[in-house]
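In: Pasted the sequence and its predicted model underneath.
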Amino acid sequence: MPKKPKANDKKPNATPAQPVLSPGDKFKAQGNEAFERQNYPKAIELYTQAIQADPTQAVYFGNRAAAYFEQEDYVACVADCKEALRLNPNYIKGYYRLASAHLELDELVEGKRVVEESRKVEQNELIEELSKKLDNELAQENVLPDDHPERKKMDALTKWLASSTETYMSKLKMRYYAKNYRGVHARQKIRNKELILFVPKSHLITLEMAKETIISKRIIEAKLDLLSPKHSFLSTFLLLERQKTDSFWHPYLQLLPSDYNSIPIFFNDEDLKWLEGSPFLDQVRDKISDMQKDYDAIWAVSPEFHQFTFNEFCWARMTASSRIFGLTIDDKKTDAFVPLADMLNHRRPKQTSWQYDQVRGGFIIESLEDIPRGEQVYDSYGKKCNSRFFLNYGFIVLNNDGNEVAVRVHWNNDDPLRQTKEQLNGEPFAVKTFRIQTSFEETVVQEFFGLIRFVELTDKTKLMQLYQLYETHGRGENDREGFKAAKTPPLSVENEKKMLATVRRICDGQLARYPTTLEEDLRLLKQDDLTENQRNCILLRSGEKEILQHFVKLAETVAPLLDLPMKDVKRLVLTQPYNAYMDYINNAVVYLLSRKE
């Protein structure tokens with residue numbers, strides 16, 4: 001007879017009994033499902049219900065902290081992690097999430113403290129990886145020690161700006177890379193279109209304020225025709241305010257660079273040697289000359305200005321030219337120094353936008369993209385040649401698509417058509433300087449070619465046809481400029497060949513003025529014993545040489561096409577050597593050969 005089973009015996013193939021979940025665990029399980037679906041708001045809602053059902057469970061707070069973290073609500077994450085650890089000091093996930101949230105909030109020291117506490121519980125691989133991140137960021141923050149004068153000055157500026165309750169800068173921080181070399185970084189993640197800086201009007205130094213100084217009033221009364229009036233007004237304001245120990249602007253003024261030794265007008269003779277052969281040297285000399293003229297003019301009308309040396313004036317002028325913002329305040333265009341905003345370094349394309357906000361009553365910066373926590377926050381100084389960046393800011397942009405080089409076109413004094421050309425052009429022959437780039441689409445390049453075509457034109461009939469062409473098609477009702485030689489289009493195959501030969505001669509001549517070749521410069525840049533100024537000089541002159549070599553190569557590559565039939569040209573230009581010159585080939589070579597046929 002079969003044995004009767006006992007009450008607790010399991011029947012074959014019977015479904016195991018499911019554990020009975022507490023109300024809190026039910027909500028937790030549903031919250032976990034929502035979390036897995038990345039529905040973090042729903043997960044937070046369900047974890048909250050779990051906490052309400054049983055507020056003694058550390059894991060409920062820990063899970064909600066994880067959801068808050070994913071929502072980037074790091075403050076709430078910190079609060080929940082602390083409560084979880086109060087309930088269960090051995091809850092290792094709580095330490096990890098808490099330290100991670102402190103990292104995201106840029107609370108690095110507190111994050112390290114949490115890591116140390118977690119080590120008393122257990123050694124955890126994830127926490128050790130997090131510890132390395134915290135150590136790395138702390139090292140970057142502490143390039144200059146806390147008691148370094150530059151850090152103290154930055155702290156003073158921050159407190160000064162914060163003295164206005166309207167100022168907003170909580171998501172920004174300053175990071176030093178070396179003395180006088182710093183950048184603004186994201187303290188926390190910044191979202192696209194987010195306001196990241198607000199500086200009230202009360203903390204801006206405007207051009208109108210600068211015009212109220214005694215020196216500026218002397219300038220205005222004397223009706224001085226300065227070469228750079230707005231920079232001179234703002235410069236005198238800086239010089240006068242810098243003398244006052246109780247100046248309202250002292251926290252800002254003391255943080256301005258003490259020198260601009262990376263800007264070429266302050267170079268010594270040894271540094272200037274590295275620019276030998278470069279037309280940029282003329283820009284440096286012209287800049288110094290222009291500032292000397294303004295300095296002398298102001299000195300002549302303002303006894304109050306006599307106390308300042310020319311070198312001090314240059315410092316103030318370069319501060320103004322490199323730091324002011326062009327703004328519209330109260331419907332009036334002006335220029336202003338904007339504390340902290342002028343410390344953003346340059347990057348293209350634009351990462352931020354700035355303006356004066358009339359409604360808010362101050363200067364604002366907004367992001368144009370998401371910026372991760374810890375990343376540098378940039379302004380764009382615009383598309384400029386490295387000569388302008390170097391001359392006004394003291395740096396060089398690598399792979400700069402805005403690079404230019406100055407070249408000169410000389411008239412032929414023995415030209416038998418000289419008088420006719422001068423009458424046609426409306427002015428005597430003179431040396432003309434062009435700042436050319438590699439792109440033929442740039443107007444300046446087209447005008448460079450156009451003027452050389454005009455200079456090399458030897459056929460009087462063609463010359464008169466050119467003028468007639470202008471009279472027929474070029475003159476409009478609002479044309480006040482008259483005939484322009486630089487607008488000369490391709491005229492004939494022979495003229496175009498002469499133009500290309502002259503372009504090559506001009507560029508070869510400029511290259512011959514440098515004591516080094518481009519290839520030698522590239523080798524020099526691989527050395528690690530160059531000073532910053534030396535490296536920047538080599539980068540500048542090598543950029544110039546690249547442009548000059550581009551046009552030498554264009555002339556020698558394209559000129560032979562002008563002697564070929566159109567069918568051969570169409571076949572050849574499909575090959576690699578001509579790709580870089582197709583804009584010019586289509587606009588000039590193809591045009592002339594099609595007319596010839």
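Out: Received the coordinates, thanks. Residues are numbered from 1 along each chain as shown.
In: So which bits of the lowest-mean-pLDDT helix or strand in the chain are buried?
Out: Lowest by mean pLDDT, DSSP states H and E among the helices and strands of the chain is helix 460-469, with a mean of 82. Residues of helix 460-469 classed as buried: 462-463, 466 (neighbour count, 16 or more other Cβ atoms under 10 Å). To be clear about C-beta, it is placed using only N, CA and C from the backbone, and glycine gets the same treatment.
In: Present those residues as JSON lines; the columns should include distance to residue 206.
Out: Output for these, formatted as JSON lines (distance: Cβ to Cβ, whole Å):
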{"residue": "462", "distance to residue 206": "56"}
{"residue": "463", "distance to residue 206": "54"}
{"residue": "466", "distance to residue 206": "51"}
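In: and which of those residues is nearest residue 212?
Out: residue 466 (55.0 Å; Cβ to Cβ).
In: Which element, helix or strand, includes residue 354?
Out: strand 352-357 (DSSP states H and E).
In: my guess is residue 384 meets residue 403, correct?
Out: No: here residue 384 does not reach residue 403: they are 9.3 Å apart, not a contact under Cβ atoms under 8 Å.
In: Compare those two and say which one has the larger neighbour count.
Out: Set side by side, residue 384 and residue 403 show more neighbours around residue 403, with 22 against 19, by other Cβ atoms under 10 Å.
In: Excluding residues flanking it in the chain, which one is nearest the more buried one?
Out: Once flanking residues are discounted, residue 403 sits nearest to residue 543: 4.6 Å by Cβ to Cβ, 6 or more residues apart in numbering.
In: remind me which residues of this structure are low pLDDT?
Out: Low-confidence segments of the chain, defined by pLDDT under 70, span residues 1-18, 179-180, 470-482, 597.
In: Mind doing that once more with 50?
Out: Scanning the chain for pLDDT under 50 picks out the ranges 1-11, 475-480.
In: Show me which helix runs longest in it.
Out: If you go by DSSP state H, the chain has its longest helix at helix 532-558.
In: From the chain's centroid, how far away is that helix?
Out: Offset of helix 532-558 from its chain centre (Cα atoms, centre = their mean, to the nearest Å): 23 Å.
In: and the next element down the chain from it?
Out: Following helix 532-558 in sequence, per DSSP H and E, is helix 566-572.
In: you'd agree residue 115 is up against residue 133?
Out: No: here residue 115 does not reach residue 133: they are 10.1 Å apart, not a contact under Cβ under 8 Å.
In: higher neighbour count, these two?
Out: residue 115 (23 against 15).
In: Regarding residue 420, what is its secondary structure?
Out: On the three-state scheme (DSSP: H, G, I helix; E, B strand; the rest coil), residue 420 is labelled helix.
In: Can you tell me the closest non-neighbouring residue to it?
Out: Closest to residue 420 by Cβ to Cβ, 6+ apart is residue 463, at 6.4 Å.
In: quick one, strands of the stretch 51-200 of the chain?
Out: 172-178, 181-186, 195-200 (DSSP state E, counting those that start in this stretch).
In: okay if I get the ones you listed as TSV plus distance to residue 160?
Out: Putting the strands of the stretch 51-200 of the chain into TSV (distance: least, Cβ to Cβ, whole Å) gives the following:
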stretch	distance to residue 160
strand 172-178	14
strand 181-186	16
strand 195-200	11
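In: I'd like to know which of these is closest to residue 76.
Out: Using Cβ to Cβ, the strands of the stretch 51-200 of the chain put strand 181-186 closest to residue 76, at 20.2 Å.
In: list the buried ones in the closest one?
Out: Neighbour-count burial for strand 181-186 [16+ other Cβ under 10 Å]: 182-186.
In: ditto for stretch 73-89
Out: 73-74, 76-85, 87-88.
In: give me the number of residues near residue 594?
Out: Using other Cβ under 10 Å, residue 594 is surrounded by 10 other residues.
In: I meant to write residue 385 there.
Out: Residues contacting residue 385 under the criterion other Cβ under 10 Å number 22.
In: how about it, phi and psi?
Out: phi -70, psi 150 (degrees, to the nearest 10).
In: and it, what is it in contact with?
Out: The contact partners of residue 385, taken as Cβ atoms under 8 Å, 6 or more residues apart in numbering, are 400, 402-404, 435.
In: let's see 7 Å
Out: 402-404 (Cβ atoms under 7 Å, 6 or more residues apart in numbering).
In: for residue 78, same thing?
Out: Contacts of residue 78 (Cβ under 7 Å, 6+ apart): 98, 101-102.
In: Turn those residues into TSV, including neighbour count and distance to residue 224.
Out: Shown next, in TSV, are the contacts of residue 78 (neighbours: other Cβ atoms under 10 Å; distance: Cβ to Cβ, whole Å):
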residue	neighbour count	distance to residue 224
98	29	64
101	27	59
102	24	57
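In: dump the residue contacts of residue 35.
Out: Applying Cβ under 7 Å, 6+ apart, the residues near residue 35 are 43, 67.
In: Repeat the analysis, applying 10 Å as the threshold.
Out: 42-44, 46-47, 63-64, 66-67, 70 (Cβ atoms under 10 Å, 6 or more residues apart in numbering).
In: In a markdown table: those residues, plus distance to residue 426.
Out: Converted to a markdown table, these look like this (distance: Cβ to Cβ, whole Å):
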| residue | distance to residue 426 |
| --- | --- |
| 42 | 76 |
| 43 | 77 |
| 44 | 76 |
| 46 | 82 |
| 47 | 81 |
| 63 | 81 |
| 64 | 79 |
| 66 | 77 |
| 67 | 75 |
| 70 | 71 |
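In: Show the buried residues in those residues.
Out: 42-44, 46-47, 63-64, 66-67.
In: just checking, residue 300 touches residue 226?
Out: No: counting by Cβ atoms under 10 Å, residue 300 does not reach residue 226; the two are 11.7 Å apart.
In: So for these two, which sits in the more crowded spot?
Out: Between residue 300 and residue 226, counted using other Cβ under 10 Å, the more crowded position is residue 226 (16 against 12).
In: Make sure the more buried one is indeed in a strand.
Out: No: per three-state DSSP, residue 226 lies outside any strand segment and is coil.
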